[in-house]
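In: Following is a predicted model, sequence given first.
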Amino acid sequence: MELKIRNLRKEYGNFPALNGVNLDIRSGELIALLGPSGSGKTTLLRAIAGLEMPDGGQIFFGERDASRQSVQQRHVGFVFQHYALFKHMKVLDNIAFGMRYGQGRRKSEAQIRQKVLELLDLVQLNGLEGRYPSQLSGGQRQRVALARALAIEPQVLLLDEPFGALDAQVRKGLRRWLRQIHDETGHTTVFVTHDQEEAMELSDRVAVLHKGGLQQVGTPDEIYDNPATPFVYAFIGDSTSLPVDLRNGEAVFEGRALRISRVDSPDGPGRLHIRPQDVTLTAPSDGVVHGKIIGLRRSGGYRRADISVGVKHDRVEALLPPEQEVSVGDEVGLDFRRYAAFAEDREPPKLGLARKAA
Ligand SMILES: Nc1ncnc2c1ncn2[C@@H]1O[C@H](COP(=O)(O)OP(=O)(O)OP(=O)(O)O)[C@@H](O)[C@H]1O
């Protein structure tokens, strides 16, 4: 099932929770709605489900305009973060609930039991059909919740931070497992998260939301390697930025034109965004930013250097191989392998983005 979201708007009082969202979700894809708290992710998910009536715009399920349809008519499956299973019902009855009492063709009890056992096998909880929710771990409960959502054979599966309340190790396991289930069942799945690692690892594409608007939609690689806006650059992965003047395709930092390839950006004040792994330390020569190392710390297989640059002591972070011989207090030059330049105060629409040739 393919979804088309057209100019979707939702206001709470005067507050625009969604301000004209356009998004195409492909049939069978796993797409993450990613953004900081309050960016509109849940509102968008609830609008897709039919739990929230938008103030404007349309939602198409395939060719069908579902904008005014009820939750039941849309035939979607849900899993929420704090999803209460029915406490007084065994796992089997929880999963069977939608098949027994939902819309659609009735199944016999034997067929329902068969389907529940198949789903328990899919979510790797064989043999637990007789337990009550209180006799399960948090991760197991979320898997039952997913089985229950899948039981109605939904056209679309909607997940709102389904693993949010679980500890990091369990989350990681469930992530891999969810991807596997998705590949086996092929449902179109929309997944809300504020955890970028989760979004990047799990999804085919990521839709980044900020203040009720879509900033960028792309594969995890596109989002990470070619952020379309300063917000996406800062939100995804580590980065630091420097104030620059953009002039005739050059980026000028404190009067020194940087030795980088042409910047495709309007002239004027801007910012140069750089990821720590894209900074190389060189001698402080022409064409590079000059700075002083003010901190060094070990970070996994690397060392992170805090570097103070320019008269305003802007901070740039560099990720260095541990064998590189540097010390706090060293005067260094900073060469940037990759970067993006954005004009100041012009986000969105899409801004100038330039890359150094590899
Ligand atoms: N029922 C409501 N009444 C008033 N304002 C609301 C309501 N629901 C959401 N909002 C506001 O709309 C904005 C978007 O909320 P939403 O829940 O979609 O954000 P989110 O990105 O899912 O955030 P989080 O990650 O914190 O769940 C927020 O500023 C929120 O305060």
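Out: Cool, got the structure.
In: Determine if any part of stretch 40-56 is in contact with the ligand.
Out: Yes. Applying Cβ under 6 Å from any ligand atom, one finds that stretch 40-56 is in contact with the ligand at 40, 41, 42, 43. Just so you know, the C-beta spots here come from the backbone N, C-alpha and C atoms, and that holds for glycine as well.
In: residues of that stretch that come out buried?
Out: Within stretch 40-56, the residues scored as buried using 16 or more other Cβ atoms under 10 Å are 40-52, 54.
In: try stretch 99-114
Out: Within stretch 99-114, the residues that count as buried by 16+ other Cβ under 10 Å are 99, 112.
In: Mind listing what's buried along stretch 337-346?
Out: Buried residues in stretch 337-346, defined by neighbour count with 16+ other Cβ under 10 Å: 338, 339, 340, 341, 342, 343, 346.
In: got a list of contacts for it?
Out: Stretch 337-346 has contacts (Cβ atoms under 8 Å, 6 or more residues apart in numbering) with 226-227, 229-230, 233, 243-244, 246, 251, 260, 263, 265-266, 268-275, 278-280, 351-356.
In: Among those residues, which are located in helices?
Out: Members of the contacts of stretch 337-346 lying in helices (criterion: DSSP state H): 230, 233.
In: ok, which residues in the stretch 101-250 of the chain are in contact with the ligand?
Out: Contact residues (Cβ under 6 Å from any ligand atom) of the stretch 101-250 of the chain with the ligand: residue 194.
In: Tally up the residues packed near the residue of the stretch 101-250 of the chain found nearest the ligand, please.
Out: The nearest approach of the stretch 101-250 of the chain to the ligand comes at residue 194, 4.7 Å away (Cβ to the nearest ligand atom). If you count neighbours by other Cβ atoms under 10 Å, residue 194 ends up with 18.
In: How about residue 290?
Out: 18.
In: what residues are up against residue 45?
Out: Neighbouring residues of residue 45 by Cβ under 8 Å, 6+ apart: 33, 158, 160, 190, 192.
In: quick one, domains of this structure?
Out: Domain ranges of the chain: 3-225, 230-343, per automatic domain parsing.
In: Quick check: next helix or strand after the particular helix or strand that has residue 78 in it?
Out: Assigned by DSSP states H and E, residue 78 falls within strand 76-80. Next along the chain after strand 76-80, taking DSSP H and E as the criterion, comes helix 91-101.
In: just to revisit the earlier point, pipe the buried residues of stretch 40-56 into TSV and attach pLDDT and distance to residue 12 per row.
Out: Shown next, in TSV, are those (pLDDT from 0 to 100; distance: Cβ to Cβ, whole Å):
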residue	pLDDT	distance to residue 12
40	95	11
41	95	15
42	93	12
43	95	8
44	96	14
45	95	16
46	93	12
47	95	13
48	95	17
49	92	17
50	92	18
51	90	14
52	91	10
54	94	12
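In: With secondary structure as extra columns, can I get those residues in TSV?
Out: Converted to TSV, the buried residues of stretch 40-56 look like this (DSSP: H, G, I helix; E, B strand; the rest coil):
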residue	secondary structure
40	coil
41	helix
42	helix
43	helix
44	helix
45	helix
46	helix
47	helix
48	helix
49	helix
50	coil
51	coil
52	coil
54	coil
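In: Do a quick rundown of the strands in the stretch 51-200 of the chain.
Out: Taking DSSP state E, counting those that start in this stretch as the test, the strands found in the stretch 51-200 of the chain are 56-61, 64-65, 76-80, 156-160, 188-193.
In: List the contacts of the first one.
Out: Contacts made with strand 56-61 from outside it, assessed by Cβ under 8 Å, 6+ apart, are listed as 1-9, 20-21, 47-48, 65-67, 74, 155-156.
In: same deal with the shortest one?
Out: The list of residues contacting strand 64-65 from outside it, by Cβ under 8 Å, 6+ apart, reads 58, 59.
In: which intervals of the stretch 151-300 of the chain have sub-threshold pLDDT?
Out: 165 (pLDDT under 70).
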